[in-house]
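Novice: Quick one, what's the 3D model for this:
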Amino acid sequence: MPPPSTLDNLIGQATCTVEQAAEILGVARGTAYEACRLGQLPTLRLGRRVLVPVPRLLAMLGAPVDVVGPEEHPVISVPQPDPTEASTEPSAGLSKPSNGFHPTTDTIVT
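Specialist: Coordinates of the predicted model:
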């Protein structure tokens, strides 16, 4: 039987299993999978496999995400955009291609 999952065991890992996340959260395996299905627990899907991104799980728990793990597997901190600098325009950041057609705002008539 594998050792119990703790936050310390996750440092340096990019992902963990839903079962490991359930153990850390103190909930049953089925409850954790239900939380994944409802979008309450962050997940990555690779084929049929469901994984939990460790940095997002740590952030959800209020644990420090910028902790550096073992040298061979450092945790990489991804800077988040500052919401106070976000533009209020709905099309901010979108530009039309050189042909003038934009796939989300223009309609093709055949």
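
Novice: can we go C-alpha only for contacts and neighbour counts from here?
Specialist: Noted.

Novice: Okay, now the sheet partners of the longest strand seen in the chain, with direction.
Specialist: Identified as the longest strand of the chain according to DSSP state E is strand 49-53. Using DSSP bridges, the strands paired with strand 49-53 are strand 15-17 (antiparallel), strand 44-46 (antiparallel).

Novice: I'd like the average pLDDT over the first one.
Specialist: It refers to strand 15-17. Per-residue pLDDT over strand 15-17 has a mean of 94.

Novice: any residues touching it, and which ones?
Specialist: Leu10, Val50, Leu51, Val52, Pro53, Val54 (CA atoms under 8 Å, 6 or more residues apart in numbering).

Novice: Let me see the contact set for the third one.
Specialist: For Leu51, the set of contacting residues under the criterion of CA under 8 Å, 6+ apart consists of Thr15, Cys16, Thr17, Val18, Thr43, Leu44, Arg45.

Novice: need those residues in TSV with neighbour count and distance to Cys36, can you?
Specialist: Output for those, formatted as TSV (neighbours: other CA atoms under 10 Å; distance: CA to CA, whole Å):
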residue	neighbour count	distance to Cys36
Thr15	20	14
Cys16	18	13
Thr17	15	11
Val18	24	8
Thr43	23	7
Leu44	12	10
Arg45	9	11
